[in-house]
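Q: coords please:
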Amino acid sequence: MKNDKENNLIWLSQVHSNTGTATFCRNQCESFYKLGYFDNIQILPDPYVPTKLDNPVLQKMIETKLDIRKSTVIQVMWPERWYATIAKRPKWFIGYNAIEGTKIPYNWVQIMNDDDVDLVLTMSSAMKRMFVENGVKKRKLFALGHGVNPIIFKPKENDKTTRFQKPYTFLYVNGWRTSIGRNDRKGPEILLDAWVKGNFVNNPKYHLYMKVNMVYEQKRDYFKDIKQKVGYDVSKWTNFTFDTTDYPVQELVKIYQNADCFVAPTKGEGWGITIQEAMACGLPVIVPNNPYAGYMDFCNKKNSLLIEIEREEEVDSRLMGHFYSGSKWHIASTDDLIHTMRWCVQYPQEAKKIGIRGMKEVVTYWTWDDASDRLIEELKRRKMYYDKAFKI
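A: Predicted structure coming up:
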């Protein structure tokens, strides 16, 4: 082991934006700090932008300055960016890499296999397996998994509203670049197809709430996009909410708590933080039964509602970027989605039991602190962490 008895961490990534990656970075750094696994933590935003956070703990980490040669670096960025950091000779270099699909660029394989890369973190066991299939050495990889904060994300307390006092609400919380219509990875058009084909539209017994993150989309006429590119005039739907508000987490959790069922017809998912958040709030979740999806680490036929995959589809890299060239996504069955949504409406108490079962599992095994524990144990195993508990 390299001679330094301090465990210092430099976390090199974005922490400021409204993305799943930034959510992971913020929560994981907070967990490390709370558990005291590192003597010092520095957050170094990448790409560098003036960053100021409301969270005083995270802001303190941004203001901390550490010697990279005496620190472990975790860089949450595509591998092309890793070499510039490695050239500064960190004590240990850990790269974090994520992409949804079945293929990765060949140069990524070369970089991840480089001797100067001490460890590569993946979101999930499914992504680790996909990297190995593409040529990355298995010993280089560790499936970390992500987490949820059970103090914030939890079922609604003392809810005495009966099923018949409000419409059965299906919730979608994810991104959608409406400018590319049916080509978005999250599969929102699959949900709209099911809403139309399943005769849910304008029926007061049901409600579809789409809380859409537009971080990757410019402000535009979203309804016009949907009409032109998907084929539906959602402005005429009376039981439909399209919400693009960027809520603080304390408000976002209320949206989960007021729903009855969470639907994520995603075509490819590295992990699925919003799926996990919905489960922590006690919602039954409907997700595709996709062996390449990260959420299969915590979703199964007992705690989730798994729908069939209808077909594979090659990603249009002209729209999604060259990183996806040759990769495939898995398209969920619209008919099976309709069948499953109808089952939830017909048997709401049974669906709720599935949701409670899922909630108990994610808050027991899949919190941010659990992820911290997993990583530290792996670093100890690889002798990349100075375990003071066993040193004199």
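Q: now do the longest helix along the chain: everything it contacts.
A: Longest helix of the chain, by residue count under DSSP state H: helix 348-365. Residues outside helix 348-365 that contact it (CB atoms under 8 Å, 6 or more residues apart in numbering): 148, 150, 154-155, 163, 168, 260-261, 276, 279-285, 298-299, 302-305, 343-344. From N, CA and C alone the C-beta is placed, and that goes for glycine too.
Q: now the strands for the stretch 51-200 of the chain?
A: Counting by DSSP state E, counting those that start in this stretch, one finds strands in the stretch 51-200 of the chain at the ranges 72-76, 92-96, 119-122, 141-143, 168-175.
Q: in its sheet, what does the fourth one sit against?
A: Strand pairing for strand 141-143, using DSSP bridges, gives strand 119-122 (parallel).
Q: what's the angle between whichever helix or strand comes after the longest helix of the chain and strand 92-96?
A: Beyond helix 348-365 on the C-terminal side, the first helix or strand identified by DSSP states H and E is helix 368-381. The directions of helix 368-381 and strand 92-96 differ by 140 degrees, with axes from the mean of the first three to the mean of the last three CA atoms, to 10 degrees as the criterion.
Q: alpha carbons of helix 368-381, as PDB, please.
A: Written as PDB, here are the backbone C-alpha positions of helix 368-381 (Å, rounded to 0.1, in the frame of the first residue of the first chain):
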ATOM      1  CA  TRP A 368     -26.700   5.900   0.100                       C
ATOM      2  CA  ASP A 369     -25.100   4.700   3.300                       C
ATOM      3  CA  ASP A 370     -25.300   1.100   2.000                       C
ATOM      4  CA  ALA A 371     -23.500   2.200  -1.100                       C
ATOM      5  CA  SER A 372     -20.800   3.900   1.000                       C
ATOM      6  CA  ASP A 373     -20.300   0.700   3.000                       C
ATOM      7  CA  ARG A 374     -20.000  -1.400  -0.100                       C
ATOM      8  CA  LEU A 375     -17.400   0.900  -1.600                       C
ATOM      9  CA  ILE A 376     -15.300   1.100   1.500                       C
ATOM     10  CA  GLU A 377     -15.300  -2.700   1.900                       C
ATOM     11  CA  GLU A 378     -14.200  -3.000  -1.700                       C
ATOM     12  CA  LEU A 379     -11.400  -0.500  -1.200                       C
ATOM     13  CA  LYS A 380     -10.200  -2.400   1.900                       C
ATOM     14  CA  ARG A 381     -10.200  -5.600   0.000                       C
END
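Q: and it, how far from the chain's centre?
A: In terms of CA atoms, centre = their mean, to the nearest Å, the centre of helix 368-381 is set 19 Å apart from its chain centre.
Q: what does stretch 317-332 give?
A: Distance, stretch centre to chain centre, for stretch 317-332: 18 Å (CA atoms, centre = their mean).
Q: and that stretch, end to end?
A: End-to-end distance for stretch 317-332: 20 Å, by CA to CA, to the nearest Å.
Q: which outside residues touch that stretch?
A: For stretch 317-332, with CB under 8 Å, 6+ apart as the criterion, the contacting residues are 78, 99-105, 180, 183, 185, 187, 190, 265, 267-268, 288, 290, 292-293, 307-315.
Q: can we see that at 6 Å?
A: With contacts defined as CB atoms under 6 Å, 6 or more residues apart in numbering, stretch 317-332 is touched by 99, 101-103, 180, 183, 190, 265, 267-268, 288, 290, 307, 309-315.
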